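Engineer: Need coordinates for the following:
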Amino acid sequence: MSGMSCGSCVRHVTDEVRKVGGVDSVAVDLVASTVTVSGTGVDVDLVRSAIIEAGYEPAAAVAV
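Structural biologist: Model (predicted):
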């Protein structure tokens with residue numbers, strides 16, 4: 001994810017991703033520019049959209 005530079009960035013991304021259905025937890029790593037999401041039935045495309053809504057560009061997504 002590109003563009004994150006401060007704690008406020010982390011908060012914006014976290015707040016938006018938490019709104020996605022099925023999300024139980026969100027961990028944003030500012031240094032690594034990653035977002036880790038856990039939950040049940042989480043739609044990766046909706047998570048990507050939430051990150052974009054927060055004002056950032058997700059680079060890649062991995063679903064497990």
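Engineer: When you work out contacts or count neighbours from here on, use the C-alpha atoms and nothing else.
Structural biologist: Will do.
Engineer: Could you verify that residue 38 is part of a strand?
Structural biologist: Yes. The assignment for residue 38 is a strand, going by DSSP: H, G, I helix; E, B strand; the rest coil.
Engineer: State the distance from it to residue 6.
Structural biologist: 23 Å (C-alpha to C-alpha, to the nearest Å).
Engineer: Pick out whichever of those two has more residues nearby.
Structural biologist: Counting neighbours by other C-alpha atoms under 10 Å for residue 38 and for residue 6 shows that residue 38 has the greater number, 13 against 10.
Engineer: What residues are recorded as beta-bridge partners of the more buried one?
Structural biologist: Beta-bridge pairing of residue 38 under DSSP bridges involves residue 25.
Engineer: ok now do it, which residues does it touch?
Structural biologist: Applying C-alpha atoms under 8 Å, 6 or more residues apart in numbering, we find residue 38 in contact with 23, 24, 25, 26.
Engineer: mind checking pLDDT for it?
Structural biologist: At residue 38, the model reports a pLDDT of 94.
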